[in-house]
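Q: Curious how this folds, go ahead:
(one chain, ligands or ions: 1)
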Amino acid sequence: MTTYLRPRDLDEGLHARAEHADWTVLAGGTDLLVNANHRAAPVGMIDLWRLADLCFVRVEKTSVAIGAGTTWTEVERHPAIRAKLAPLALAAREIGALQIQARGTLGGNVGTSSPVGDSLPALLALDAELEVASVRGHRRVPYREWCTGYRTTHLAADELIIAAHVPVPDATTRTSWRKVGTRRAQSISKVMGAAAITLDGDVVVSARVALGAIANRPIRITAVEDAVRGQRLGVAGDAARAALRGAIQPIDDVRSTATYRREVAENLVARFFSVS
Ligand SMILES: Cc1cc2nc3c(=O)[nH]c(=O)nc-3n(C[C@H](O)[C@H](O)[C@H](O)COP(=O)(O)OP(=O)(O)OC[C@H]3O[C@@H](n4cnc5c(N)ncnc54)[C@H](O)[C@@H]3O)c2cc1C
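A: Alright, predicted model coming up:
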């Protein structure tokens with residue numbers, strides 16, 4: 001039998017986590033319940049669904065804080081996220097279909113940390129930080145350091161994910177996000193990626209480029225970022241494509257071949273640096 005606990009606030013949730021590090025943390029359940037019938041029932045469950053302390057979007061001076069319990073529907077509909085953090089709003093819109101978006105949360109995507117988690121390249125390109133907490137206190141982890149391997153992260157056994165803090169790109173930075181799957185809705189990515197490109201006119205000053213579904217975790221492609229610096233848009237696309245070629249060893253699995261992923265990833269990254 002599974003013991004079920006629904007904390008009334010974050011403090012109660014953190015104490016429960018500290019006392020029961022072996023219990024399962026549940027948010028929307030859209031990842032957890034997929035395999036529930038094939039796994040042993042958990043000893044206990046800490047249900048964070050709609051916990052008010054985790055359900056918020058706060059627009060701050062230079063960043064937006066998005067609570068871990070915020071659903072993809074809420075992310076996609078939030079005016080500040082749509083206006084200032086387009087890659088996240090675009091990713092939210094293509095996670096599963098409407099039912100999944102209404103239930104799946106940012107904390108769940110980051111907690112599962114699948115290589116095909118659609119929000120994860122957006123968090124990398126936007127240089128987000130994650131806030132996590134335990135009874136020992138709160139700490140922040142740059143998202144680029146969060147993933148340690150295939151579905152493993154820096155989250156300690158007694159911690160909960162609290163929020164993503166996402167810096168708002170300035171007016172000279174253009175952002176993009178794109179997913180390629182078998183169809184538009186309810187499709188797991190074959191390749192997806194995001195970019196934040198800072199421009200001086202049409203010259204690339206700096207860029208953050210991230211891809212998902214290519215490696216065992218979402219990755220920044222620093223070879224591309226280096227290759228495009230100082231290049232004009234358009235030419236930068238060719239430089240990005242060439243740099244990517246030697247920088248990745250795409251995975252080969254049931255969803256796609258390595259060859260297909262490589263070709264799509266090159267097109268996708270080149271397109272980030274196109275003229276319009
Ligand atoms: C039909 C279907 C289609 C899908 N399509 C997509 C897709 O296109 N793109 C995509 O990226 N994903 C997709 N998913 C996966 C899933 O919907 C997302 O990853 C979603 O964001 C998970 O959120 P959740 O709240 O449901 O997580 P849950 O299933 O509740 O939890 C997932 C993991 O995160 C942990 N966790 C959750 N919140 C916290 C917290 N605050 N602190 C610590 N740990 C936490 C849980 O313990 C668990 O390990 C799909 C799932 C289904 C069933």
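Q: Tell me which residue is most central in this protein.
A: L120 (2.0 Å; C-alpha atoms, centre = their mean).
Q: so what's the closest residue to that one other than its chain neighbours up against?
A: In space, and not counting its chain neighbours, L120 is closest to P218: 3.9 Å by C-beta to C-beta, 6 or more residues apart in numbering. Glycine gets a C-beta too; all of them are placed from N, C-alpha and C. Neighbouring residues of P218 by C-beta atoms under 8 Å, 6 or more residues apart in numbering: P115, G117, L120, P121, L123, L124, C147, A210, L211, G212.
Q: Does the first one belong to a helix, a strand or coil?
A: By that I understand P115. coil (DSSP: H, G, I helix; E, B strand; the rest coil).
Q: what's the spacing between it and V34?
A: Distance from P115 to V34, counting by C-beta to C-beta, to the nearest Å: 16 Å.
Q: between these two, who's got more neighbours?
A: Set side by side, P115 and V34 show more neighbours around P115, with 20 against 9, by other C-beta atoms under 10 Å.
Q: out of the contacts of P218, which one sits closest to the ligand?
A: G117 (4.3 Å; C-beta to the nearest ligand atom).
Q: can I assume that closest one is in contact with A210?
A: No - under the criterion of C-beta atoms under 8 Å, G117 is not in contact with A210, lying 11.6 Å apart.
Q: Which one's more surrounded, the two?
A: Taking other C-beta under 10 Å, G117 and A210 do not tie; A210 has more neighbours (29 against 26).
Q: Is any residue of whichever helix or strand the more buried one is part of near the ligand?
A: Assessed by DSSP states H and E, A210 sits inside strand 203-212. No - applying C-beta under 6 Å from any ligand atom, one finds strand 203-212 out of contact with the ligand, separated by at least 8.4 Å.
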